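>>> coords please:
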Amino acid sequence: MNTATLLLYLTTWTLVAISPGPAVLYVISQATRGGVRGSLAGIAGLQLGSLLFFIAVGTGLAALLATMTAVFTALKFIGAVYLGWLGVSLIASSFRKKIANPEESAQVAVPHVRSFWQGLLIQLTNPKALLFASALLPQFIDSHRPMLGQIALLFVITVIVDLASMFTYAALAARGTRSFRASALSVWLERAFGAALIGFGVRLALTRK
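Numbers count the residues shown, from 1 in each chain. Okay, here's the model as predicted:
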């Protein structure tokens, strides 16, 4: 794996990382509720999911799963339902806020443990992400060299790019909502994020293999 290949992968994954999707939207929603710190556990869960995807690709499990239509369909609908449930929960929580009292209407971050598991499940129940990784990674791997080291290097690049992207989104979201955290606008933002998560769930359910 030469420098040109690494730079090409870096560029490719940067474009993937900054593209809005369920993971990015989840990080933004957590940052608007609890600031950058409130998004850290979710980001960690998402990255663990990515690690498991890389392991699946490296061991050939991803290629095997790609041929199993039933597994793909099951993961697809589980992921769709889960995204929908997160979206509905986010919208429901917005209706419980009391806008009249700023102290009571301040948004509260999701507990770290729950946020971690939510991030992990968002990643693992998205078969599109697994299939994408299994199709993309082999394009940058030299079959004449040990694969384990190359997979590890690509994963390190992936994590660095993902973290940079997610922290940027989280910082911008936290900064943008700080001034109106106790206003009606924050509630409508929360509802918009919830609706978007539901939309991603519907799109995932309609995805064909």
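>>> Do you know the pLDDT at residue 192?
Note for residue 192: predicted pLDDT of 79.
>>> and it, what helix or strand is that in?
Using DSSP states H and E, residue 192 sits within helix 184-205.
>>> From residue 121, how far off is residue 114?
Residue 114 sits 10 Å away from residue 121, going by CB to CB, to the nearest Å. In this view, the C-beta of every residue, glycine as well, is placed from N, C-alpha and C.
>>> Neighbour count: these two, which is higher?
Set residue 114 next to residue 121 and count neighbours by other CB atoms under 10 Å: residue 121 wins out with 18 against 13.
>>> out of everything not next to it in sequence, what's closest to that one?
Spatial nearest neighbour of residue 121, excluding adjacent residues (CB to CB, 6 or more residues apart in numbering): residue 82 at 5.9 Å.
>>> okay but residue 197 is in contact with residue 83, surely?
Yes - using CB atoms under 8 Å, residue 197 is in contact with residue 83, at 5.2 Å.
>>> center of this structure - which residue?
residue 23 (1.8 Å; CA atoms, centre = their mean).
>>> can you pull the contacts of the closest residue in space to it that isn't next to it in sequence?
Distances taken as CB to CB, 6+ apart put residue 46 closest to residue 23, at 5.2 Å, once the chain neighbours are dropped. For residue 46, the contacting residues are 23, 26-27, 119-120, 122-123, 162, 166, by CB atoms under 8 Å, 6 or more residues apart in numbering.
>>> from those residues, which ones fall inside strands?
Of these, none are assigned to strands by DSSP state E.
>>> Can I get those in TSV including pLDDT and distance to residue 174?
Shown next, in TSV, are the contacts of residue 46 (pLDDT from 0 to 100; distance: CB to CB, whole Å):
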residue	pLDDT	distance to residue 174
23	88	17
26	89	14
27	91	11
119	90	17
120	92	22
122	89	20
123	89	22
162	93	18
166	94	12
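>>> Go through those residues and flag which are in helices.
Mapping the contacts of residue 46 onto helices (DSSP state H) picks out 23, 26-27, 119-120, 122-123, 162, 166.
>>> mind checking which helix or strand the nearest residue to residue 155 once chain neighbours are set aside is in?
Of all residues not flanking residue 155 in the chain, residue 54 sits nearest, at 4.6 Å (CB to CB, 6+ apart). Using DSSP H and E, residue 54 falls within helix 22-59.
>>> what comes up buried for that helix?
Using 16 or more other CB atoms under 10 Å as the test for burial, helix 22-59 gives 22-36, 38-50, 53-54, 56-58.
>>> Please determine how far the closest residue to residue 40 other than its chain neighbours is located from residue 166.
Closest residue in space to residue 40, ignoring its immediate chain neighbours: residue 112 at 7.5 Å, by CB to CB, 6+ apart. Using CB to CB, one gets 16 Å for the distance from residue 112 to residue 166.
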